[in-house]
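Participant: got a sequence here, can you model it:
(one chain, ligands or ions: 1)
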Amino acid sequence: MALHRNNRISSRCMESLKNGVSAGGPDIKEDKVHVREFKSDIYKTNGGHFEESFEEAALVTAFLAYLSYLVLSLVGYIQDALRDIGLGKSLAAQESPKLKSFVPLYQDFDSFFTRHVYRKIRDNWNVPIASAPTARFDLMGRSSEDHYWTFKATGETHSAINIGSYNYLGFAEQGGPGMESIENSTLSYGSGVCSTRQELGNLDIHRELETRIAEFCGQEDAMMYGMGFATNALNIPTLMGKGCLVVSDRLNHASLVLGIRLSGASVKVFEHNNMESLEKLLKKAIIEGQPRTQRPWKKILIVVEGIYSMEGSIVRLPELMALKKKYKCYLYLDEAHSIGAIGPTGRGVVEYFGLDPRDVDVMMGTFTKSFGASGGYIAGSKNLIDHLRIHSHSSAYSSSTSAPVVEQILRTVKIIMGEDGSTEGQKRIRALKRNTQYFRRRLRDLGFLTYGNVDSPVVPLLLYYPSKLAAFARECRSRGLAVVIVGFPATPIIEARARICLSASHTIEMLDEALSIIDEVGDLLDVKYSRRSLMKRELNGNCQT
Ligand SMILES: Cc1ncc(COP(=O)(O)O)c(C=O)c1O
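Facilitator: Got it, this is the predicted structure:
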């Protein structure tokens, strides 16, 4: 299994490791290790530190990972065939015998995959927790007597370090500065609003929050919504429609994809964070115009995210802005994972790159991550927000956010902006950055293959095989470390991974404990896949001798 680790280091490779990988090109190929890496001078505004890499799996790893899915599928087909002839009992959802003449609703590949791959390692997902999602939390014990079809709570709880929650600034906490304002606001406004913003559900604190969010984002106005997912899914259709074109990153979140589909606009998809692919697509779309009529598009909207939560990549915004201006398109930026989490004062990717927020036409974000609450917002020009206030389905037909939630967001925004008179917000932003860079560097030095940007608090750690995916989560959990794992269909089939989320509330001691568990489990399961780190370590070893 460790075949790929024994590759000799070619002289070209050694040269490139000494020099650092060359600037500018996204596809840098070495003799033995293929790395898509990006660094560029255009990012001088951020101190020139824009550094992102995606090391490709060794061929043998990729082949064996495919093979393991093939074996699992074959076993599944044999089990299904045996059950069909009455050998063995199936617990899978069945069509009612009364619907025999109907086309089956469930029996497609998704159902097969769920039964034969996901179900067998299901103990690693949806583990209930019995406390707030803080840096250390309590997991509830579960047992299953039917091979993970169903689970029973054992009544025990186990303390674990949490590296799975999107609690970037640690504000999803029990207690914390100014928490009493939430209690006070519940006592004065009540616990629920029970109406929409346009009818009887408009509180002064809704408006106060919108004003602060607009100011925080550097925009004229903002509107808040009860759910982040719905903010995307139900607002894109108010902006786009037939005759319009949406140009969407291949890895955009499901809420964006749903919103784009609901809008009825035409869609073209460009390669993830690849500005060459985007430009090619824009040029072609503008030259060709609408299908059949060849009329010009009514408008073109580029839809991207700030930080991609499965890849840990940061949008190449300076180049994207240049393209948007060159081709006169609008830009929709989803900052769910970047607002609060990056930028010197937590204002997201625009601040991270030192750009002008007014150049982003639609600035979307959620309150579920850095703000430790729930809901979403859109910030932009007054005209845009006025339009959304009237037309958005997610405010016109949905009750507004309750006072305790609004107060939690207000509390955290004030802390982040330093309006509470303390430096707590700045401390948390700095702690997250320190934790992110420290954890990423240590993982790389230990030999793990991680994806993404050096500044992204989301850290995908590649595991490839479904068996190793499950074993990694189980072994970490049994040592007191809770980690989220992600596989197909959320990732390409052979790119199963652990998705680590860092938080300002992690102490360095906690991170060291987590790293020592990951190191031990990594050796046990032989999942230290980075050949670049291995070469670097060998190189350092050679230099020292
Ligand atoms: C990029 C992105 N946009 C939108 C959402 C939806 O946000 P929420 O979970 O607040 O509904 C998510 C959820 O994680 C996300 O990752």
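
Participant: can you list contacts of stretch 289-305?
Facilitator: Contact with stretch 289-305 is made by 236, 239-240, 243-249, 251-253, 256, 260, 265-266, 273, 278, 282, 285-286, 288, 315, 320, 323-324, 327-338, 362, as judged by CB atoms under 8 Å, 6 or more residues apart in numbering. Just so you know, the C-beta spots here come from the backbone N, C-alpha and C atoms, and that holds for glycine as well.

Participant: drop anything exposed from those.
Facilitator: Among these, the ones that count as buried by 16 or more other CB atoms under 10 Å are 236, 239-240, 244-249, 251-253, 256, 260, 265-266, 273, 278, 282, 285, 315, 320, 323-324, 327, 329-338, 362.

Participant: in helices only, show me those residues.
Facilitator: Within the buried ones among the contacts of stretch 289-305, residues falling in helices by DSSP state H are 236, 239, 256, 260, 278, 282, 285, 320, 323-324, 327.

Participant: when you check the ligand, which of the contacts of stretch 289-305 turn up near it?
Facilitator: Among the contacts of stretch 289-305, the residues within reach of the ligand (CB under 6 Å from any ligand atom) are 253, 334, 336-337.

Participant: run a quick neighbour tally on the residue in the chain positioned nearest to the ligand.
Facilitator: Closest residue of the chain to the ligand, CB to the nearest ligand atom: Gly228 (2.3 Å). Per other CB atoms under 10 Å, the neighbour tally for Gly228 reads 22.

Participant: just checking, it touches Gly376?
Facilitator: Yes. The pair Gly228 and Gly376 qualifies as a contact (CB atoms under 8 Å) at a distance of 3.7 Å.

Participant: shared neighbours of those two, which are they?
Facilitator: Shared contacts of Gly228 and Gly376, defined by CB under 8 Å, 6+ apart, comprise 336, 365-368.

Participant: go through those and flag which are in helices.
Facilitator: Using DSSP H, no member of the shared contacts of Gly228 and Gly376 sits in helices.

Participant: just the ones of these in strands?
Facilitator: Of those, the ones assigned to strands by DSSP state E are 365-366.

Participant: I'd like the shared contacts of Gly228 and Gly376 as CSV, with pLDDT appended.
Facilitator: CSV is the format used below for these (pLDDT from 0 to 100):
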residue, pLDDT
Ala336, 98
Gly365, 98
Thr366, 98
Phe367, 98
Thr368, 97
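
Participant: contacting residues for Met321?
Facilitator: By CB under 8 Å, 6+ apart, the residues touching Met321 are 331, 355, 359.

Participant: which sections of the stretch 401-545 of the chain are below the confidence cut-off?
Facilitator: Residues of the stretch 401-545 of the chain meeting the criterion pLDDT under 70: 533-545.

Participant: got the residue ranges for the strands in it?
Facilitator: With DSSP state E, counting those that start in this stretch as the criterion, the stretch 401-545 of the chain has strands at 452-453, 458-464, 481-482, 484-486, 496-501.

Participant: show residues contacting the third one.
Facilitator: Counting by CB under 8 Å, 6+ apart, strand 481-482 makes contact with 127, 137, 139, 160-164, 476, 513-514, 517-518, all of which sit outside it.

Participant: count of residues packed around the nearest residue to Lys325 once chain neighbours are set aside?
Facilitator: Among residues not flanking Lys325 along the chain, Asp359 sits closest, at 7.7 Å (CB to CB, 6 or more residues apart in numbering). If you count neighbours by other CB under 10 Å, Asp359 ends up with 14.

Participant: ok, Asp359 touching Leu331?
Facilitator: Yes. Asp359 lies in contact with Leu331 (CB under 8 Å); the separation is 7.4 Å.

Participant: what is the end-to-end distance of stretch 408-426?
Facilitator: 18 Å (CA to CA, to the nearest Å).

Participant: for stretch 125-140, same thing?
Facilitator: End-to-end distance for stretch 125-140: 12 Å, by CA to CA.

Participant: so what's the gap between it and the chain middle?
Facilitator: Between the centre of stretch 125-140 and the centre of its chain there are 19 Å (CA atoms, centre = their mean, to the nearest Å).

Participant: repeat that for stretch 347-357.
Facilitator: Averaging C-alpha coordinates over stretch 347-357 and over its chain gives two centres that are 19 Å apart (CA atoms, centre = their mean).

Participant: C-alpha coordinates for that stretch, CSV please?
Facilitator: Taking Å, rounded to 0.1, in the frame of the first residue of the first chain, the C-alpha atoms of stretch 347-357 are listed here in CSV:
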residue,chain,number,x,y,z
ARG,A,347,-14.9,41.5,6.5
GLY,A,348,-14.4,38.5,4.2
VAL,A,349,-12.7,38.0,0.8
VAL,A,350,-13.1,41.5,-0.5
GLU,A,351,-11.2,42.9,2.5
TYR,A,352,-8.7,39.9,2.3
PHE,A,353,-7.7,41.1,-1.2
GLY,A,354,-8.0,44.8,-0.4
LEU,A,355,-10.7,45.4,-3.0
ASP,A,356,-13.7,47.7,-3.1
PRO,A,357,-16.8,46.1,-1.8
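
Participant: which residues touch it?
Facilitator: 43, 45-46, 216-219, 306-307, 314-315, 317-318, 321, 333, 335, 338-345, 359-360, 363, 365, 455.

Participant: now the buried members of the residues you listed.
Facilitator: 43, 46, 216-219, 306-307, 314-315, 317-318, 321, 333, 335, 338-343, 360, 363, 365, 455.

Participant: the ligand contacts on the protein?
Facilitator: Going by CB under 6 Å from any ligand atom, the residues of the chain near the ligand are 227-229, 232, 253, 255, 305, 309, 334, 336-337, 366, 368, 376.

Participant: try 5 Å this time
Facilitator: By CB under 5 Å from any ligand atom, the part of the chain that sits against the ligand consists of 228-229, 253, 255, 305, 309, 334, 336, 366, 368.

Participant: any idea which of the residues you listed is closest to Asn383?
Facilitator: Ranked by distance to Asn383 (CB to CB), these are led by Asp334 at 20.6 Å.

Participant: my read: that closest one touches Lys369, true?
Facilitator: No. Asp334 lies out of contact with Lys369 (CB under 8 Å); the separation is 11.6 Å.

Participant: top strand in the chain by residue count?
Facilitator: From DSSP E, the single longest strand across the chain is strand 152-162.

Participant: per-residue pLDDT, Ser90?
Facilitator: Listed pLDDT for Ser90 reads 70.

Participant: oh, and call the first residue 526 from now on, that's how I've got it
Facilitator: With the count now opening at 526, the last piece we talked about shows up as Ser615.

Participant: count of neighbours near it?
Facilitator: When neighbours are defined as other CB under 10 Å, Ser615 has 12 of them.

Participant: how close does the spatially closest residue to it that is not a sequence neighbour sit to Arg647?
Facilitator: Distance criterion CB to CB, 6+ apart; nearest residue to Ser615, sequence neighbours excluded, is Arg608 at 4.5 Å. Remark: distance between Arg608 and Arg647 (CB to CB, to the nearest Å) = 19 Å.
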